[in-house]
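Enquirer: Quick one, what's the 3D model for this:
(one chain, ligands or ions: 2)
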Amino acid sequence: MMYPIPVHDYEYELNKDLNFSAAHFIPDKRAGKCERVHGHTYHVNITIVGDTLDELGFLVNFSALKNLIMEAFDHRLLNEHEAFSEIPPTSETLAKVIYEMVDKYIKEEQENELQCLQIILRETPTSYVVYRPKEKDE
Ligand SMILES: Nc1nc2c(c(=O)[nH]1)N=C([C@H](O)[C@H](O)COP(=O)(O)OP(=O)(O)OP(=O)(O)O)CN2
Ligand SMILES: [Zn+2]
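Expert: Ligands and ions are numbered 1, 2, ... in the order given. This is a model prediction of the structure:
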């Protein structure tokens, strides 16, 4: 599945697609039917870039990224996850939470300089969100 990718000049660009099944609800009458607990098969695309590979020849192991997200969200009620104790689990907030998890992982577990450029989060066949972090001032 091809997605819009931001322009960059890194030597390597890694994309990991994964999907997980989870339930959620948006605790607000204005959300209509989505105020009721319901489920989705969420499709995620993670884009990571870098100029140097690790000692295995990876930017980062695809399966490490998959395990990180599956462990946190697969077959769970998203509203119970600590990341959503103050905010509702919408496509937008979930995309940002996944970015923050990936960003933390690549900074703490990988020694090669990596950057997560974007997360795409598809909640239904007709709706998806792209989350791109703002450039951090060095
Ligand atoms: N901006 C957002 N709007 C909505 C979100 C969201 O996360 N961000 N979420 C929902 C519900 O979770 C709903 O289950 C998914 O919405 P939607 O794509 O509208 O669902 P449908 O499949 O019914 O949409 P169709 O237009 O019929 O394909 C609602 N809004
Ligand atoms: Zn929903």
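
Enquirer: Within its local environment, how many residues does the closest residue to K107 other than its chain neighbours see?
Expert: Spatially, and ignoring its direct neighbours in sequence, K107 is nearest to L114 (8.0 Å; CB to CB, 6 or more residues apart in numbering). For glycine as for every other residue, the C-beta is placed from the backbone atoms N, C-alpha and C. By the criterion of other CB atoms under 10 Å, L114 has 24 neighbours.

Enquirer: who's in contact with L114?
Expert: 48-50, 59-60, 106-107 (CB atoms under 8 Å, 6 or more residues apart in numbering).

Enquirer: got it, and L121?
Expert: Here L121 is in contact with 42-44, 91, 94-95, 98, 128-129, 131 (CB under 8 Å, 6+ apart).

Enquirer: who wins for neighbours among those residues?
Expert: L94 (27 neighbours).

Enquirer: ok, and the closest non-adjacent residue to it?
Expert: L121 (5.6 Å).

Enquirer: Which is the succeeding secondary structure element to whichever strand or helix holds I106?
Expert: Using DSSP states H and E, I106 sits within helix 91-109. Once the chain leaves helix 91-109, the next helix or strand it forms, by DSSP H and E, is strand 114-124.
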